[in-house]
Every structure is written in C-alpha cells, then in structure tokens.
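Engineer: this is a predicted model, with the sequence first.
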Amino acid sequence: MDKKLKGINMSDILISDDKKLLDIELIHEYLSNESYWAKGIGHDVVKTSIEHSLCMGIYIKQKQIGFCRMITDYSTFGYLGDVFILDEYRGMGYSKLLVEKLMEHEKLQGIRRFMLATFDAHNLYSKFEFTPLKKAELFMEKHNANMYLDNSKLNKK
C-alpha cells in the first residue's frame, strides 16, 4: 500500500469496471473543463467513448474521485486514455491504484502492445513498464488537437 494512503481506510475505496457506477456528469465536467487533452469535449462524445471502452472508476465512500479507460480490441492492442484523479485527491497514490487495477484486469491479459500519450505523468506510467517509443519513426498519427473546441465539429457524435 502507498504510504500516503495509510490514513485512508482501504475498505472505503472501491475501484470498479461497473459502468453503472460511473458519474458521467463528473467525467464530462472534468474532461471538458479541467483536462488538457479533451477541452470542450461534448457530453455525447464522452458517453459514446465510455460505451466503447473498458472503464474504471475509483470511489471513496461511493463518491467517484477518478476515472480511466482502455480503448482496446481485447486481444492485441490497448490505448490507455482519460486518466484523471480529482484535484483534491491528487498526490495520494490514487492514480497508481487505479492504473494498477486496470492493467491487472483479466480482459487485458495477453495484449501485445499498450500505448498512451501524456504530457506530465511519465513517472506514473513508467511504474507499469510504459517507455518512450523505441522506434518512433514507425508510428504516425492524425491528430485533430482542437477538435472539441471547434464549434462546427462539436457534438457531431
């Protein structure tokens, strides 16, 4: 157990892949207004992304404090995205617990390649054997960075 969690009763913490427990409003609010990667994302886009991904929520006394999701085919590839812990709970080890539980999920065992993109959490993900791309020149992307901020494209899903 993380030292910073010693004051927390572990029986008060739940990490679950049950989508019925997810607070969609909280997730949308965070992604749309607080995250650096999904500013302006529409509510319907968030709902659709959750429907089509393996998601985990972390809860303290039934209050959701964080979220993450794995976009995957469940056999060869997974992309870890939308990982967050609410500001007031950061720095206490919750993100590590959340990602650990996701990466140990039975449906993700045997996957050959996981990927993610991060601006500032390299230290967290390195604990789970994520490394910089070994041959970045092999990879390409099509990235519409301001997709959700462009009003003409909002809520098209």
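Structural biologist: Happy to help now that I have it.
Engineer: which pLDDT does the model give Lys156?
Structural biologist: We note a pLDDT of 48 for Lys156 in this prediction.
Engineer: and the helix or strand that contains Val46, what does it pack against?
Structural biologist: Using DSSP states H and E, Val46 sits in helix 43-51. Packing contacts for helix 43-51, counted by 3 or more CB pairs under 8 Å, 6 or more residues apart in numbering; DSSP states H and E, involve helix 24-29, strand 63-72. Where C-beta positions appear, they are placed from N, C-alpha and C, glycine not excepted.
Engineer: show me which residues of the first one are buried.
Structural biologist: Put plainly, it is helix 24-29. Buried residues in helix 24-29, counted by 16 or more other CB atoms under 10 Å: Leu26, Ile27, His28.
Engineer: returning to what we had before: got JSON lines for the helices and strands packed on helix 43-51, with distance to Leu97 and mean pLDDT too?
Structural biologist: Below are the helices and strands packed on helix 43-51 laid out as JSON lines (distance: least, CB to CB, whole Å; pLDDT from 0 to 100):
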{"stretch": "helix 24-29", "distance to Leu97": "18", "mean pLDDT": "98"}
{"stretch": "strand 63-72", "distance to Leu97": "9", "mean pLDDT": "98"}
